[in-house]
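Chemist: Sequence first, then the predicted structure, then my questions.
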Amino acid sequence: MAELSASEVTRLQTTLQRLLGSPKLTVNKPARKGMSVEISVAGEVVGTVHRDEDEGEISYAIHMTLLEEDLPPA
């Protein structure tokens, strides 16, 4: 897994805020090398971002975790 640059973090945050319609969404570079880049909404971590480079093309995969207890009642 490749590390994300500060520019990539900023660009991803801007794009995700626009796509998901949430200015409260932040993309947070890890405090230590080797840790995952996290996505937060209003300070609560909801997922991680992983960068992949294959044959010169770069893509970003987002893994989002939602707890059942956070869902509204059925």
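Modeler: Sure thing, it's come through. Numbers count the residues shown, from 1 in each chain.
Chemist: From now on I want contacts and neighbour counts done on CA atoms only, so please keep to that.
Modeler: Noted.
Chemist: what sits against Leu19?
Modeler: Going by C-alpha atoms under 8 Å, 6 or more residues apart in numbering, Leu19 touches no other residue.
Chemist: how would you label it: helix, strand or coil?
Modeler: helix (DSSP: H, G, I helix; E, B strand; the rest coil).
Chemist: now Ser59: how far from Glu68?
Modeler: 29 Å (C-alpha to C-alpha, to the nearest Å).
Chemist: Actually, Ser40.
Modeler: Applying C-alpha to C-alpha, the value for Ser40 to Glu68 is 18 Å.
Chemist: Check Ser7 too.
Modeler: To Glu68, Ser7 is 34 Å away according to C-alpha to C-alpha.
Chemist: Hmm, Ala42 is touching Ser22, no?
Modeler: No: Ala42 lies out of contact with Ser22 (C-alpha atoms under 8 Å); the separation is 9.4 Å.
Chemist: And the helices in this structure?
Modeler: Applying DSSP state H to the chain gives helices spanning 6-20.
Chemist: need the strands for it, in chain order.
Modeler: Using DSSP state E, the strands assigned to the chain run over residues 25-28, 37-41, 44-54, 57-64.
Chemist: Which secondary structure elements does the longest one sit against?
Modeler: What that stands for is strand 44-54. Contacts defined by 3 or more C-alpha pairs under 8 Å, 6 or more residues apart in numbering; DSSP states H and E place strand 44-54 against strand 37-41, strand 57-64.
Chemist: Just the buried positions in the lowest-mean-pLDDT helix or strand in the chain, please.
Modeler: None of the helices or strands of the chain scores lower by mean pLDDT, DSSP states H and E than strand 44-54, at a mean of 93. Residues of strand 44-54 classed as buried: Val45, Val46, Gly47, Thr48, Val49, His50, Arg51 (neighbour count, 16 or more other C-alpha atoms under 10 Å).
Chemist: which one of those is nearest Glu3?
Modeler: Lowest distance from Glu3 to the buried residues of strand 44-54 (C-alpha to C-alpha) belongs to Arg51, with 7.1 Å.
Chemist: Tell me which residues touch the closest residue to that closest one other than its chain neighbours, please.
Modeler: Once flanking residues are discounted, Arg51 sits nearest to Tyr60: 4.6 Å by C-alpha to C-alpha, 6 or more residues apart in numbering. By C-alpha under 8 Å, 6+ apart, Tyr60 lies in contact with Val49, His50, Arg51, Asp52.
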